[in-house]
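Participant: Give me a model of this one.
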Amino acid sequence: MYQFFVPAENIHDNRILIEGSDVNHIKNVLRMQVGEEIAVSNGIDGKEYRCGIVALSDTVIECELRFIKEDGVELPSKIYLFQGFPKGDKMELIVQKSVELGVFEIVPVFMKRSVVKLDAKKAANKVTRFQAIAEAAAKQSKRAIIPRVHECMTMKQAVEYAKELDIVLVPYELADNMLKTRQIMESLKPGQSIGFFIGPEGGIAEEEIAMLQGIDAKPLTLGKRILRTETAGLTVLSWLVYLLEQ
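Facilitator: Prediction:
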């Protein structure tokens, strides 16, 4: 079943309106007809609105609500990925796959070893691009929300933001106790807000680890192999899905 996102104000009791680029996609690409069923979400409340198409025009698709599915597909915890800004187009891949795995929010972080340096305008343009990728990935994976890609932060800003979460994790190449890592991961509970920091190429600097220790971040090992930055975050997310999915 195809899924689309609409603004909350486009959901009116038993009528739902789809506008914008999705109109052309539904009419001319998917060639859907009156009576066919689709899923609609507002990207905020986690609900899936099942509805049938009742009218199609060049500017709007009108649908009739059939029922609301509230159990949804979202993880029972809000997961925040603090990603050290990587080189090239790696961030696009990270955003796409993290959304597919269930991340709640992605925070690009300029860390000490981040090679990429962007001014405010270029950073804002990047975030706009990342948010579009997040929305597309949310549609593809049938998410009930569109995860937010936060504006870029410094490490100091990111640590300040993360300290409000229930628990913060930090995979670190000098951490080598897999038993302790298992104990930390298995202690996580559904409903907790969980953040984790992934370093860029070159990893997280020692002074940044010290900053994270200041908010009681838990160090993890991801095994004896050194993972690329685009692999490390997805590994942690996969663990979290396994442990928290209900």
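Participant: what number of residues lie near Glu70?
Facilitator: By other CB atoms under 10 Å, 10 other residues sit near Glu70. Where C-beta positions appear, they are placed from N, C-alpha and C, glycine not excepted.
Participant: how close does it sit to Leu56?
Facilitator: 28 Å (CB to CB, to the nearest Å).
Participant: nearest spatial neighbour of Thr221, skipping sequence neighbours?
Facilitator: Among residues not flanking Thr221 along the chain, Ala175 sits closest, at 4.4 Å (CB to CB, 6 or more residues apart in numbering).
Participant: show me what contacts the one you found?
Facilitator: Counting by CB atoms under 8 Å, 6 or more residues apart in numbering, Ala175 makes contact with 181, 219-221.
Participant: Repeat the analysis, applying 10 Å as the threshold.
Facilitator: Ala175 makes contact with 181, 209, 218-222, according to CB atoms under 10 Å, 6 or more residues apart in numbering.
Participant: ok, of these, which one's closest to Gln157?
Facilitator: Ile209 (16.9 Å; CB to CB).
Participant: Name all residues that make contact with that closest one.
Facilitator: By CB under 10 Å, 6+ apart, the contact list for Ile209 reads 170, 172, 174-175, 197, 199, 203, 217, 219.
Participant: go on, Val149?
Facilitator: By CB under 10 Å, 6+ apart, Val149 lies in contact with 81, 83, 91, 95, 98-99, 103, 105-108, 126-135.
Participant: Tell me the bridge partners for it.
Facilitator: Counting by DSSP bridges, Val149 is bridged to Ile106.
Participant: roughly how far apart are it and Met211?
Facilitator: 23 Å.
Participant: Same question for Ser57.
Facilitator: For Ser57, the distance to Met211 equals 54 Å [CB to CB].
Participant: which one of these two has more residues nearby?
Facilitator: Using other CB under 10 Å, the more surrounded residue of Ser57 and Met211 is Met211, with 19 against 9.
Participant: What distance do you get for the residue nearest to Thr221 to His150?
Facilitator: For Ala175, the distance to His150 equals 26 Å [CB to CB].
Participant: ok, now Gln96?
Facilitator: Relative to His150, Gln96 is positioned 16 Å away (CB to CB).
Participant: just Val109 next, same as before
Facilitator: Separation of Val109 from His150 (CB to CB) stands at 9 Å.
Participant: which residues are common contacts for those two?
Facilitator: Counting by CB under 10 Å, 6+ apart, the residues touching both Val109 and His150 are 81-82, 157-158, 161.
Participant: Return the subset of those lying in helices.
Facilitator: Of those, the ones assigned to helices by DSSP state H are 157-158, 161.
Participant: about what we covered before: name the nearest of the contacts of Ala175 relative to Arg113.
Facilitator: Proximity of those to Arg113 (CB to CB) peaks at Ile209, which lies at 11.9 Å.
Participant: Is that closest one in a helix, a strand, or coil?
Facilitator: Of the three states, Ile209 takes helix under DSSP: H, G, I helix; E, B strand; the rest coil.
Participant: Next one: it, what pLDDT does it get?
Facilitator: The per-residue pLDDT reported for Ile209 equals 94.
Participant: distance of it from Leu174?
Facilitator: Going from Ile209 to Leu174 by CB to CB gives 8 Å.
Participant: Tell me the one of the contacts of Ala175 nearest Phe4?
Facilitator: Proximity of the contacts of Ala175 to Phe4 (CB to CB) peaks at Leu222, which lies at 36.3 Å.
Participant: residues touching the closest residue to Glu36 other than its chain neighbours, list them.
Facilitator: Once flanking residues are discounted, Glu36 sits nearest to Ile53: 5.3 Å by CB to CB, 6+ apart. Neighbouring residues of Ile53 by CB under 10 Å, 6+ apart: 16, 18, 26-27, 32-38, 61-64.
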